[in-house]
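Asker: fold the following, please.
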Amino acid sequence: MKIIALSGALRRGSYNTALLRAAIALAPAGVTIELRTLHGIPLYDGDVEAQGMPEAVTTLREAIRAADALLIGTPEYNNSIPGVLKNGLDWLSRPSGEGARLFGGKPTGLIGATPGGFGTVQSQDALLSVLRTFGSDFWMAGRLMVSHAGQVFDADGQLIDEKVRDQLRVFVNGFADFVKKRAA
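Answerer: Now for the predicted structure:
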């Protein structure tokens, strides 16, 4: 099984990218999780689209298309989806109808980390609306929202909180089981 882990952050020291890297390390046997980012994807502009799809969009689209599932790690900015993640999803949904073709029926899970105290509750909730529009097969049995991420990861981005590690392990195993059942 292959899962694409898409980070909704660009920052080199992103807690969400670090959380996805930790998920990769905790993947059960037979499950490969491949980290992808939104680097190189320009701001959406219909004039740019009319000249052809940017290579970074095409590359990410093909990786998602070839994967069995998608795991999104989302920060929360101003109580919602980060602009870079929404922009990336907007590009991936172009031309019109591509969102449903790419994401429709694709098993999808959400995790997120934030320095704040409320996790990524609002960002994940806002993202559900977008995923619903695409027809994603969203895993409703599990979401992971990491609060106070500055205490959960060390300066090198390594997950140091054992409670969160255990929660992430349970999440990754549950998501993998969900994907396996969908494939059966």
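
Asker: separation between the residue at the greatest distance from the centre of the chain and Ala149?
Answerer: Distance from the centre of the chain peaks at Gln51, with 27.8 Å (C-alpha atoms, centre = their mean). Distance of Gln51 to Ala149, given as C-beta to C-beta, to the nearest Å: 39 Å. The way it works is simple: take the backbone N, C-alpha and C, and place the C-beta from them, glycine included.

Asker: for Ala5, same thing?
Answerer: From Ala5 over to Ala149 the distance is 17 Å, taken as C-beta to C-beta.

Asker: check which helices and strands the strand or helix carrying Glu34 is in contact with.
Answerer: Following DSSP states H and E, one finds Glu34 within strand 32-36. Applying 3 or more C-beta pairs under 8 Å, 6 or more residues apart in numbering; DSSP states H and E, one finds that strand 32-36 contacts strand 2-7, helix 15-25, helix 55-66.

Asker: quick one: contacts of the next helix or strand after that strand?
Answerer: Once the chain leaves strand 32-36, the next helix or strand it forms, by DSSP H and E, is helix 46-50. Contacts to helix 46-50, defined as C-beta atoms under 8 Å, 6 or more residues apart in numbering, come from residues 42, 54, 94-95.

Asker: out of the residues you listed, which are buried?
Answerer: Buried members of these, scored by 16 or more other C-beta atoms under 10 Å, are Pro54.

Asker: now Leu159, nearest residue through space, not along the chain?
Answerer: For Leu159, ignoring the flanking residues on the chain, the nearest one in space by C-beta to C-beta, 6 or more residues apart in numbering is Ala22 at 4.1 Å.

Asker: the one you found against Glu162, yeah?
Answerer: No: look at Ala22 against Glu162 with C-beta atoms under 8 Å: they stay out of range, at 11.7 Å.

Asker: if we can go back for a sec, compare neighbour counts for Ala5 and Ala149 and give me the winner.
Answerer: Ala5 (26 against 23; other C-beta atoms under 10 Å).
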